[in-house]
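Chemist: Have a look; sequence and predicted model below, questions after that.
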Amino acid sequence: MKLTFHHVNFCSRDVPAMDDFYRNVLELEPEPSLGGSRVTAQGYAGKVAFVTDGTIQMHLAERDLDVAFRTGHAVNPLDRGHIAFRTDDIEAVKKRLDEKGIRYADYGNWAMNGWYQIFFHDPEGNVIEVHQVQG
């Protein structure tokens, strides 16, 4: 079970302003690999911009306080945002969380084409995503 840091998600009421800030003030570039990857028919169709420094991605997403209610999950990754790790073995991650007694929301293939996602909280309530690329 290998984990690598993948992205930071910031939630905002004004995604275009966030995108402008990160692209024009910090000179980040649009993330080219995510252009058509969004899934919008499974509970979240908010605005999202993707930028990168060439290594780490930032996902700038429209805040949605009701996404957990609409999808039937206990964890809302689009309230305050989250950090995300990519794994090569999502089942091993879920097993480890189960062994440690850490509850998680299994969103499955939900917001991004080909990404199997789970979300859980750290001890301070920060949301953590772990996802595995499928296929």
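Modeler: Looks like it came in fine. Model, not experiment: these values are computed from the prediction.

Chemist: When you work out contacts or count neighbours from here on, use the C-alpha atoms and nothing else.
Modeler: Fine.

Chemist: Mind giving me the packing neighbours of the longest helix that the chain contains?
Modeler: In the chain, with assignment by DSSP state H, the single longest helix is helix 90-100. Where contact means 3 or more Cα pairs under 8 Å, 6 or more residues apart in numbering; DSSP states H and E, helix 90-100 is packed against strand 127-133.

Chemist: could you check the angle helix 90-100 makes with the strand it packs on?
Modeler: With axes from the mean of the first three to the mean of the last three Cα atoms, to 10 degrees applied, the angle from strand 127-133 to helix 90-100 works out at 150 degrees.

Chemist: With only the CA atoms kept, save strand 127-133 in PDB.
Modeler: Output in PDB follows, covering the C-alpha atoms of strand 127-133 (Å, rounded to 0.1, in the frame of the first residue of the first chain):
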ATOM      1  CA  VAL A 127     -10.900  15.700   5.700                       C
ATOM      2  CA  ILE A 128      -8.500  13.300   4.000                       C
ATOM      3  CA  GLU A 129      -9.100  11.700   0.600                       C
ATOM      4  CA  VAL A 130      -7.400   8.600  -0.600                       C
ATOM      5  CA  HIS A 131      -8.100   7.500  -4.200                       C
ATOM      6  CA  GLN A 132      -6.900   4.800  -6.600                       C
ATOM      7  CA  VAL A 133      -6.900   5.200 -10.400                       C
END
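
Chemist: packing partners for that strand?
Modeler: strand 82-87, helix 90-100, strand 115-121.

Chemist: Reformat those as a markdown table; add mean neighbour count and mean pLDDT.
Modeler: Below are the helices and strands packed on strand 127-133 laid out as a markdown table (neighbours: other Cα atoms under 10 Å; pLDDT from 0 to 100):
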| stretch | mean neighbour count | mean pLDDT |
| --- | --- | --- |
| strand 82-87 | 20 | 96 |
| helix 90-100 | 14 | 96 |
| strand 115-121 | 21 | 96 |
